[in-house]
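>>> structure, please.
(chains A, B and C)
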Amino acid sequence: MSLAGLFLITFLVVHLTINILILFDDTRELFNQAAHFMLTNPLIQTFQWVLFAGFIIHIILGFVLQIQNWIARPMRYERKGFSETSYFSKFMIHTGVIVLIFLGLHFANFFFKVKFGPIEMIAYESGVYKDVGALVVALFKDIWYVIFYIISLLLLGFHLQHGFQSAFQSLGLNHKTYTPAIKLIGNIYSVLVTAGYLAIPIVIYFFK
Amino acid sequence: MDLTLRIWRQASAESKGQFVDYQVQNISADASFLEMLDILNESLVMKGEEPVAFDHDCREGICGACSLYINGRPHGPDRGITTCQMHMRNFKDGETIVIEPWRAKPFPVIKDLMVDRTAFDEIIQAGGFITVRTGGTLPDANALPIPRAAAEDAMDAASCIGCGACVAACKNASAMLFVAAKVSQFALLPQGRPEARERVQNMVAKMDELGFGNCTNTYACEAECPKEISVSHIARMNREFFGAKLSAPLKKE
Amino acid sequence: MAKLDAKIPKGPLAEKWNNYKVQQNLVNPANKRKLDIIVVGTGLAGAAAAASLGEMGFNVKIFGIHDSPRRAHSIAAQGGINAAKNYTNDGDSVHRLYNDTIKGGDYRSREANVYRLAEVSNSIIDQCVAQGVPFAREYGGLLDNRSFGGAQVSRTFYARGQTGQQLLLGAYSALSKEINKGSVKMYTRRDMMDLVVVDGRARGVIMRNLVTGALERYFAHAVVIATGGYGNVFFLSTNAMASNGSVAWKTYKKGAFFGNPSFTQIHPTCIPVHGDYQSKLTLMSESLRNDGRIWVPRKKEDAEKIQRGELKPTSIAEEDRDYYLERRYPAFGNLVPRDVASRAAKERCDAGFGVGSTGLAVYLDFADAIKRLGRHVIEARYGNLFQMYEKIVDENPYETPMMIYPAVHYTMGGIWVDYELQTTIPGLFAAGEANFSDHGANRLGASALMQGLADGYFVLPYTLQNYLADQIGVKPLPTDLPEFDKTERDTQELIDRLMSVNGDQTVDHYHRKLGLIMWDYVGMSRNKEGLEKSIGLIKDLRADFWKNVRIPGKADSMNVELEKALRVVDFLEMGELMARDALMREESCGGHFREEYQTAEGEALRNDKDFSFVAVWEYRGADNEPVLHKEPLVFEFTEVKQRSYK
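Next up is the predicted model:
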């Protein structure tokens, strides 16, 4: 669970690095170039399966653990827990499920279209690429999609805020000095990654 | 002060329970929570009703018997104490107090607020000991120096009173803090090292078998532990566990 | 009196235990498997005995009243455990520990037993360390020691303020190991109702399953009772709520003699009683007396104003305070033994100088220590105790003096046992606080843990084996023998009688009343008139109980009121025997203070000529008075002195 989670955490950074390229030029050349690289590089294509495996393991384990946890308390409390704990940690399954729904939509709207659907080609000096960027811009002009995207990504941020430090604890890393540092890095990471992802639809919707 | 108590009543393990409301009057702020329940019980007995059954014994916070889930928190609103150490000055006049038993599959209700915590004993029996001969001649106590810091850390873990508040507080009903406290105590001491690998695996396997939930690092256990045992012991247990799983299995005789 | 043979081995004091072990009978491993032992109680003595006997290969069944063996009240001991290791190089030795213990007990204990206790004390520490008990350590990694009352050396091993907890958890882990192996079987939530005696030997027990209410029968070749003390006869004590004297009492009524029932230890530093609803008293560690000064107002008017809440202790001038322990005992001051400190507090309060809303409290003041050492030093030494005090009393002891008052803490008396810890019923053994053996008339601090573990780990494994050596031919008896039938029937009749009273008073009502009688007349100081009066009062209360007690619910299911009632039935009888014993003993010694027998300065006056014996009581039926036997105490190796702390 924690290993798959940490793996996905690194994946999110790579994904964001490519996404954010779309904001740097109006011609989308950089982004389309990067997309082309991701779609054609054999190493990336192979690694893609590892990534899927990471997702599937994380998701399946998440559900299995949650079901076991529900079984472990067949009778609920009348008064809900008031213990002082980190708030988002209590809602990992909820944020996780919404992010999973988002992931499904994301695949349908984007991933499959890019992979298998008809995509217009665009020509630059550097070459001719699929205009994946146009797809992105089109999607982010739909206010409903933007709202859903923003909500999902915020929830992903909360999921990450707990998940980041939690993964280290589960792997047995808890230390007087390092743990506060890990928590800090985790918080910075969640804020930056979430902000980065959120910047794209907002900029596109309002400024492009 | 006058209070309304909303208490879980259940005649036996098999029967269905329900909440019953009781009124208590003129409770002194200096009374302990359990003394307040004693007063309620005396009044019930006088009326010919059965008193509310709850586990309690030493009434000074060390035996680990008392176990009430009060207004959404194990051992009530204060930190670092057990129910028996909590006094009524933590409550307001006219308040409604909801009192529930620990809720977890491995802790079935026996009667009213009393639950069966034998599962904890079973986990200890699975490996929460050092296999030395009981009685007879052993090496001198000072033959094995132990760093003071390690002894202190081990003592922090060993202060667990086995009350089950960690399980009760955990949204997953996980027993990780309880198990980790024992694993960690022995992992920190040289006496415990020779069988550390088997210990952690046996205890964790038993914990899972008994139906406790999983740890999702919510840390409610640490917040509610009357002895304030740190979740860093859970991390140590995780370390021990992975180490044991990853290292080559020892030869079985 | 042949029955009262203490069976002390021959030879010089230091060789007695060795001589015993050399000459005792053994049971071979194949036969051990065929022998059943029942242990009742899961505290230090019970858990240690069961673990050791299981390890040796016997079939052990252990019973406890709680949901887990770890709840036994040994868990609550704070201070530490004594051992004659002499790690601190301050001149300690087995003989010195022996000397301190026998003197602390005011020369009312048996030489040979006390010597053996001191002798095995070192092995206890070795055993506990090997089990992983996290004792306090020095920076070099070796074990740390602290000093305790009644000794001039540092010999107390400790694990913060939770030594009892750690030692019990050590014994509990050893027990768990044996349960895992299958040599010991644990029965939780069982209350022993009676002992089954077949052909004059202890052969089994009747248990009440507290969850189902069912009566159960168990056979064994020998029975060990390790069920603790009976301090709860006083209702308010530092004992746990479930601590009771019923098992000791039931075996007494079955023929085991009771030793020194009136010897009760009153601990001087407990949080005072604060209301009628109070259920128990909380002990504040004796170590507080190292830095705190005990006082009451010098003027009665001031005390009365404080009682009415019109005056604060901090506003009483230095010259208007009476540091009575320092005044009366200049040599030991605030560090006099427990019994002396307790009596002095009572004397001041009885004279009207007590403080608190009830007038039954004295001050324990840390202002001087804080001024001298700084608040941080006091915080490091007693921080957790101060915090506990504040949680309970809601006053900050750094700013205003603590209030303390004596409370019942420990019973030195108990079932009479010989050197082998065997009672007057063959095959019935008693260990730990349940027996009378090692503490005489007063127990020293940090000695209870030592005795419980000594009995369990190092004495019973030898002596029980010696008893069982000629039992190997005895096949396990079926539990449908007439003796089992009758004992279970007697228990059932007692329960039925209780359930059918159906009066209008709660069990606690009677327990509380009994406690007041005991505290007033059989408590810290006693006199002939009061003791005689108390016997009548207890008899009346007992009669009233059987007419008017009310127990709701049913007997054949969990019934917490019935559990309490069964214990109070026994307390109501036991209190009377305690009073009789105190009345008989016309001297003052240790925790037993008879007002008629004191020196001109008000100190305890022992009478070695007439009372150097163990008072051993034999039950002769409900309608007859118990019979007193005397086991003379012979001091061959020890010089008997008058204790003085001036």
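
>>> which residues does the residue in the stretch 201-350 of chain C that chain A sits nearest to contact?
Using Cβ to the nearest Cβ, the single residue of the stretch 201-350 of chain C nearest to chain A is C:Val211, 19.1 Å away. Just so you know, the C-beta spots here come from the backbone N, C-alpha and C atoms, and that holds for glycine as well. Residues near C:Val211 by Cβ atoms under 8 Å, 6 or more residues apart in numbering or on different chains: B:Ile110, B:Lys111, C:Arg189, C:Met558.

>>> at 6 Å what do you get?
Neighbouring residues of C:Val211 by Cβ atoms under 6 Å, 6 or more residues apart in numbering or on different chains: B:Ile110, C:Arg189, C:Met558.

>>> again with C:Pro406
Contacts of C:Pro406 by Cβ under 6 Å, 6+ apart are C:Ile266, C:Pro268, C:Ser342, C:Ala345.

>>> counting neighbours, what do you get for residue 42?
Defaulting to chain A. 7 (other Cβ atoms under 10 Å in any protein chain shown).

>>> the intended chain is chain C.
30.

>>> what does chain A put close to chain B?
Within chain A, the positions near chain B by Cβ under 6 Å from any Cβ of the partner chain are A:65, A:68-69, A:72-75, A:77-85, A:89-90, A:166, A:169-170, A:172, A:174.

>>> would you map the helices across chain A?
A:2-20, A:29-40, A:42-72, A:92-106, A:112-116, A:132-139, A:143-170, A:178-207 (DSSP state H).

>>> let me have these in CSV, extended by mean pLDDT and distance to chain C.
Listed next are the helices of chain A as CSV, based on pLDDT from 0 to 100; distance: least, Cβ to the nearest Cβ, whole Å:
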stretch, mean pLDDT, distance to chain C
helix A:2-20, 94, 30
helix A:29-40, 92, 55
helix A:42-72, 95, 20
helix A:92-106, 94, 32
helix A:112-116, 86, 56
helix A:132-139, 91, 60
helix A:143-170, 95, 24
helix A:178-207, 95, 23
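
>>> I'd like to know which of those helices is closest to B:Ile123.
helix A:42-72 (14.4 Å; Cβ to Cβ).

>>> figure out which of the helices of chain A is closest to C:Ser237.
Comparing those by Cβ to Cβ, helix A:42-72 comes nearest, at 39.8 Å.

>>> now do the phi/psi pair for the residue in chain B positioned nearest to chain C.
Ranking the residues of chain B by distance to chain C (Cβ to the nearest Cβ) places B:Pro145 first, at 3.0 Å. Backbone torsions of B:Pro145, given as degrees, to the nearest 10, read phi -70, psi 140.

>>> distance of it from B:Met155?
As judged by Cβ to Cβ, to the nearest Å, B:Pro145 and B:Met155 stand 16 Å apart.

>>> compare the two (neighbour count), which wins?
Using other Cβ under 10 Å, the more surrounded residue of B:Pro145 and B:Met155 is B:Met155, with 20 against 14.

>>> touching, the more buried one and C:Val133? I think so.
No. Assessed by Cβ atoms under 6 Å, B:Met155 is found out of contact with C:Val133, at 9.4 Å.

>>> so for stretch B:218-227, mean pLDDT?
Stretch B:218-227 carries an average pLDDT of 96.

>>> anything in that stretch near chain A?
Yes. Looking at stretch B:218-227 against chain A by Cβ under 6 Å from any Cβ, the contacts come from B:Thr218, B:Tyr219, B:Ala220, B:Ala223, B:Glu224.

>>> let's see which of these end up in helices.
In this view, these that belong to helices under DSSP H are B:Ala220, B:Ala223, B:Glu224.

>>> which residue is the nearest non-sequential neighbour of the residue of chain B closest to chain C?
Nearest residue to B:Pro145, sequence neighbours excluded (Cβ to Cβ, 6 or more residues apart in numbering or on different chains): C:Gly141, at 3.0 Å.

>>> what do you get for B:Asp93?
Leaving out its chain neighbours, the residue that sits closest to B:Asp93 by Cβ to Cβ, 6+ apart is B:Met1, at 3.9 Å.
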